[in-house]
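Asker: Here is the input, now give the coordinates:
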Amino acid sequence: MGISQPLLCVGNRRKGPSSWEKASPGRHGLDIHRFDPDTGELEPIGAAAGEVSVGAITWDAERHLLYVVHEALTLPGHHLGGGGQVIAFHLDMDSGGISEASRQPSFGTLPAYTALSAEGDYLLLANHTGHTPVTRAERGDDGRFRVVLDYDEAATVLFPLDGAGAIEPPSDLFRHEGHGALPAQTHPQLHSVVRAPDRDLFVVCDKGADRLHLFGIDRAAGALERKASLPAPPGSSPRYCVFHPARPLLYVNFETAPILHLYRVGDDALDLVQETRLPEHAEGMQSDLILHPDGRFLYTLVRGAEVVAIHAVAEDGTLRPLATQPLGVGNARGAAISPDGRHFLVAAVTSREVRVFPLGADGLLRGEGRSYPHPAPGCLTFAVAANTGKGGASGV
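Answerer: Numbering: from 1, shown residues only. Now for the predicted structure:
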């Protein structure tokens with residue numbers, strides 16, 4: 001399988017609360033860089049869609065498409081409301097040029113993540129939703145009125161894709177319900193959707209209701225197939241998950257609890273195998289979660305502490321704390337590891353930089369890293385031209 005020199009795709013997002021405040025000014029959108037696998041140097045070669053607040057990027061390696069969520073509360077043409085968008089961009093692997101292929105409303109607010117089906121014929125999208133309530137009065141069974149707060153709908157949406165990868169109107173949508181134990185967990189808040197490497201099994205992390213949801217696809221009906229839903233620890237806010245590349249295992253991190261979970265993946269179920277607590281000096285708000293390409297190391301970013309907590313992965317998939325290393329950035333939101341496993345990259349929104357660290361064979365970061373300025377980087381994805389079969393690869 002031939003692989004060309006990888007391109008690094010950086011998504012810049014608008015920073016601010018999920019309310020109706022005016023969006024922060026300046027360019028955002030996508031930045032494209034050539035990546036030198038030997039030195040880790042970045043060479044900027046393209047930029048596009050500066051008006052888009054990029055929340056996440058999914059790469060389709062076969063069709064050279066970037067599926068990008070526009071993390072917004074208001075659709076173009078609306079005064080307020082209507083939600084975000086999902087956009088497909090074609091990426092020219094030689095020039096770094098980007099051209100829009102298709103777009104659709106996300107059918108929810110603040111879309112957070114997407115995942116491609118194994119055949120590349122569907123795209124699943126998770127809408128995070130905002131925190132701005134609508135106040136209603138409702139009469140109960142006892143005849144008394146009560147105050148009811150409604151929030152934007154949290155939905156997992158199924159978009160069919162045509163043969164060229166263009167996004168078609170949704171064929172199904174699952175409306176999530178529930179809430180968590182913390183004051184801010186007033187309603188479902190979906191943060192990620194990830195597909196198993198070998199089949200159409202998708203896990204959705206709901207950090208608002210402290211739940212993990214499993215979905216499949218019923219192609220005959222063009223519908224989501226809900227397989228299971230299981231609770232996370234109360235007040236933990238499951239944020240990201242990642243499948244082991246070779247074993248039926250799933251790792252989950254949590255935004256408001258300093259723990260990692262390891263689950264064994266069955267046909268329609270997840271079974272908890274291990275709970276690991278982060279070291280005290282690594283406690284804070286976990287953000288991105290990523291496995292080394294060879295599956296031997298797991299990395300979780302911790303905002304506030306601005307560190308990466310590194311765990312060694314044993315043969316059976318269990319975790320052992322290895323090291324906690326400072327990143328020297330502000331608001332470490334997104335991470336990526338180069339396809340050859342030799343460099344670790346961090347996207348930092350507040351310090352407005354992408355920092356590149358060499359990675360040793362022991363899984364540890366070397367040195368203080370090299371900083372590259374960006375408008376407001378929040379997510380990173382490597383684009384590699386490879387004959388990987390339909391569905392490509394996904395990552396942030």
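Asker: Help me confirm that residue 109 comes into contact with residue 152.
Answerer: Yes - the pair residue 109 and residue 152 qualifies as a contact (CB atoms under 8 Å) at a distance of 4.4 Å. C-beta here means a position set from N, CA and C on the backbone, and glycine is covered the same way.
Asker: List the residues that are in contact with both of those two.
Answerer: Common contacts of residue 109 and residue 152, defined by CB atoms under 8 Å, 6 or more residues apart in numbering, comprise 73, 83, 127, 129-130.
Asker: Out of those residues, who's the most crowded?
Answerer: residue 127 (29 neighbours; other CB atoms under 10 Å).
Asker: On the pLDDT front, check it for me.
Answerer: Note on residue 127: pLDDT of 98.
Asker: Could you give the backbone dihedrals for it?
Answerer: phi -90, psi 120 (degrees, to the nearest 10).
Asker: Surely it and residue 113 touch.
Answerer: No - using CB under 8 Å, residue 127 makes no contact with residue 113, being 9.3 Å away.
Asker: what touches both of those two?
Answerer: Taking CB under 8 Å, 6+ apart as the criterion, residue 127 and residue 113 both touch residue 190.
Asker: give me every residue that touches residue 89.
Answerer: The neighbourhood of residue 89, defined by CB under 8 Å, 6+ apart, consists of 30, 48-49, 65-66, 68, 98-101.
Asker: no no, residue 30
Answerer: 9-12, 46-49, 52, 54, 57, 66, 68, 89, 98.
Asker: would you list the shared contacts of residue 109 and residue 152 in CSV and tack on distance to residue 272 and secondary structure?
Answerer: Output for the shared contacts of residue 109 and residue 152, formatted as CSV (distance: CB to CB, whole Å; DSSP: H, G, I helix; E, B strand; the rest coil):
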residue, distance to residue 272, secondary structure
73, 35, coil
83, 34, coil
127, 27, strand
129, 27, coil
130, 31, coil
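Asker: from those, which single one is nearest residue 221?
Answerer: Residue 221 has its nearest neighbour among the shared contacts of residue 109 and residue 152 in residue 127, at 21.6 Å by CB to CB.
Asker: Confirm that residue 192 sits in a helix.
Answerer: No - assessed with DSSP: H, G, I helix; E, B strand; the rest coil, residue 192 is strand; it does not lie in a helix.
Asker: which stretches of the stretch 151-300 of the chain form strands?
Answerer: 155-160, 172-175, 190-195, 202-206, 211-218, 223-231, 238-243, 249-254, 259-265, 270-277, 285-291, 297-303 (DSSP state E, counting those that start in this stretch).
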